[in-house]
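J.: curious how this folds, go ahead:
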Amino acid sequence: MTAEFRLPELGEGIETAEVASVLVKPGDRVAKGQNLLEVETDKAVIEIPSPQAGVVAAVHCKPGDKLPPGFVLVTFAEGAGAVAAVQPVLIAAEPEQPTVATANPAATPEPAPAPTPLPAPTSPAAPLSSRAPRVSAGPATRLLARELGVDLGMVGGTGPRGRVTPEEVKAYVKRRLESSPAAGPIGSPPQLPDFSKWGPIQFEPLRSVRKVTAARMAVAWSQAPRVTQFDKADLTHVELLRDQFGPEVAERGGKLTVTVFALKACAAALKQFPEFNCSLDLANNRLVRKEYCHIGVAVDTPRGLLVPVIRDVDQKSVVQLASELADLSARARDGKVAPDEMQGGCFTLTNLGGLGGTAFTPIVNFPEVAILGLACTQPELALSDGQVVSRPMLPLCLSYDHRVIDGADAARFARHLAELLEQPGRLLLIG
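T.: Predicted coordinates for the structure are as follows:
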């Protein structure tokens, strides 16, 4: 008697996962809890353990397959009845090894026939627009549509009962960008030449994070007319506080970085300038003003750029933020950040100072309306009480959506940020 094991639910809003590796083959005897395969979402790599001991009769997937929850992964030759769901385990993502291009690549074997996956449950989420009140779509599809400003009623789903998938939303956006003159240079990608004519090359497939990043950056670039305002902040007093309190914060598991002070300063500035904490809803001709303060922090990881979100920054102390930022950044690099920890941001902070550079122009993380970039702190000469002194000056690079924010307001926001960083004692009294 056989038993089927299906892909369990991997988290809210995750409708598909790509098979990264299959760790068993037909005929293998496995123990309960032994890993059967690894799947990758756009946020993490997840181990799928066996829910029972037994002999693998068939494996119904291969690396590269994109599967929905409910898809039959493995059939066991031993054991009866339905297989209980198991808790997947987040692991660090391993970088994919590139493959060398050859003149006559081997034919890809045909995949094994897969049983029909279980239909995904209908989401109770409210529709994006009143023009299509009964569009069938899952949470991930609705979130993607909101981020891209897409009316699901205009997409036209081809799934069961007209269900719209994330791929159809992306295809719809691509068609609009290609057909709209306002989309700028974005369109059909040009055909590349055959680079192998000039020497050896390698092909490396785009993984989930890079594909998502590419799609979202294209939309952000085309949707938000971006302007960048530059300013500088004197970090003399921030550096004194870091030297004085850094060891104590480290004992509590945190790290008193410039980013921590910038987080607190951004939260205070968002309260002072609430137009920076909103999103533009053109479909309904309104601004969505947010009464919470969640700030995303860009983290460089082996899998690509991730932006985990710190909640309620305005309500937390500098010490709390130092500990939370250290923990969240470490888990992001290890691929252990949950999908819901990367959603709901109001504003984004990205710090390239550790890599050098004097300034840059970050792209607004749509549907947010502003992002702050920090470049490398440099010593500069300044006059203080008639004396020439050296000051550590931090370049601030504030990109904003000019549809929502005027240049004068951006200049005031950047100057207010600089003043908060130049008087960090005020930040210590907040939260």
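J.: residue 380 and residue 390 touch, don't they?
T.: Yes - assessed by Cβ atoms under 8 Å, residue 380 is found in contact with residue 390 at 7.1 Å. To be clear about C-beta, it is placed using only N, CA and C from the backbone, and glycine gets the same treatment.
J.: output the strand ranked longest in the chain in PDB with nothing but the alpha carbons.
T.: If you go by DSSP state E, the chain has its longest strand at strand 387-401. Coordinates of each C-alpha in strand 387-401 appear next as PDB, following Å, rounded to 0.1, in the frame of the first residue of the first chain:
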ATOM      1  CA  GLN A 387      39.500  76.900  14.500                       C
ATOM      2  CA  VAL A 388      39.900  74.500  11.600                       C
ATOM      3  CA  VAL A 389      38.800  71.100  12.700                       C
ATOM      4  CA  SER A 390      38.100  67.700  11.000                       C
ATOM      5  CA  ARG A 391      34.500  66.500  11.100                       C
ATOM      6  CA  PRO A 392      33.100  63.000  10.100                       C
ATOM      7  CA  MET A 393      30.500  63.900   7.400                       C
ATOM      8  CA  LEU A 394      27.900  61.400   6.400                       C
ATOM      9  CA  PRO A 395      26.400  61.900   2.900                       C
ATOM     10  CA  LEU A 396      22.600  61.600   2.800                       C
ATOM     11  CA  CYS A 397      20.900  60.600  -0.500                       C
ATOM     12  CA  LEU A 398      17.100  60.900  -0.300                       C
ATOM     13  CA  SER A 399      15.300  59.700  -3.400                       C
ATOM     14  CA  TYR A 400      11.600  60.400  -3.600                       C
ATOM     15  CA  ASP A 401       8.500  60.100  -5.800                       C
END
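J.: buried ones in it?
T.: 391, 393, 394, 395, 396, 397, 398, 399, 400, 401 (16 or more other Cβ atoms under 10 Å).
J.: export these to TSV and tack on pLDDT and distance to residue 149?
T.: What follows is these, written out as TSV (pLDDT from 0 to 100; distance: Cβ to Cβ, whole Å):
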residue	pLDDT	distance to residue 149
391	96	43
393	97	38
394	98	34
395	98	31
396	98	28
397	98	25
398	98	23
399	98	18
400	97	17
401	96	12
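J.: nearest to residue 419 among the residues you listed?
T.: residue 396 (11.2 Å; Cβ to Cβ).
J.: ok, now how distant is residue 176 from residue 285?
T.: Distance, residue 176 to residue 285, by Cβ to Cβ, to the nearest Å: 19 Å.
J.: the two: who's more crowded?
T.: It is residue 176, of residue 176 and residue 285, that has more neighbours when counted by other Cβ atoms under 10 Å, with 15 against 7.
J.: state whether the more buried one is indeed within a helix.
T.: Yes - using DSSP: H, G, I helix; E, B strand; the rest coil, the assignment for residue 176 is a helix.
J.: re the thing from before, could you single out the nearest of the buried residues of strand 387-401 to residue 162?
T.: Closest to residue 162 out of those is residue 401 (33.0 Å), distances taken as Cβ to Cβ.
J.: let me see the contact set for that closest one.
T.: Going by Cβ atoms under 8 Å, 6 or more residues apart in numbering, residue 401 touches 224, 225, 226, 280, 364, 369, 370.
J.: filter those residues down to the buried ones, PyMOL style.
T.: Restricted to buried positions by 16+ other Cβ under 10 Å, the PyMOL selection for the contacts of residue 401 reads:
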select buried, resi 224+226+280+364+369+370
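J.: any idea how many residues pack against residue 313?
T.: 26.
J.: for the one 10 residues further on, same thing?
T.: Residue 323 is flanked by 18 other residues according to other Cβ under 10 Å.
J.: identify the residue nearest it in space, chain neighbours excluded?
T.: Distances taken as Cβ to Cβ, 6 or more residues apart in numbering place residue 254 nearest to residue 323, at 3.7 Å, with adjacent residues excluded.
J.: which SS class is that neighbour?
T.: In three-state terms, and counting by three-state DSSP, residue 254 is coil.
J.: likewise for residue 228?
T.: Counting by three-state DSSP, the backbone at residue 228 sits in strand.
J.: do residue 420 as well
T.: Strictly by three-state DSSP, residue 420 counts as helix.
J.: gap between it and residue 400?
T.: From residue 420 across to residue 400, the span is 18 Å (Cβ to Cβ).
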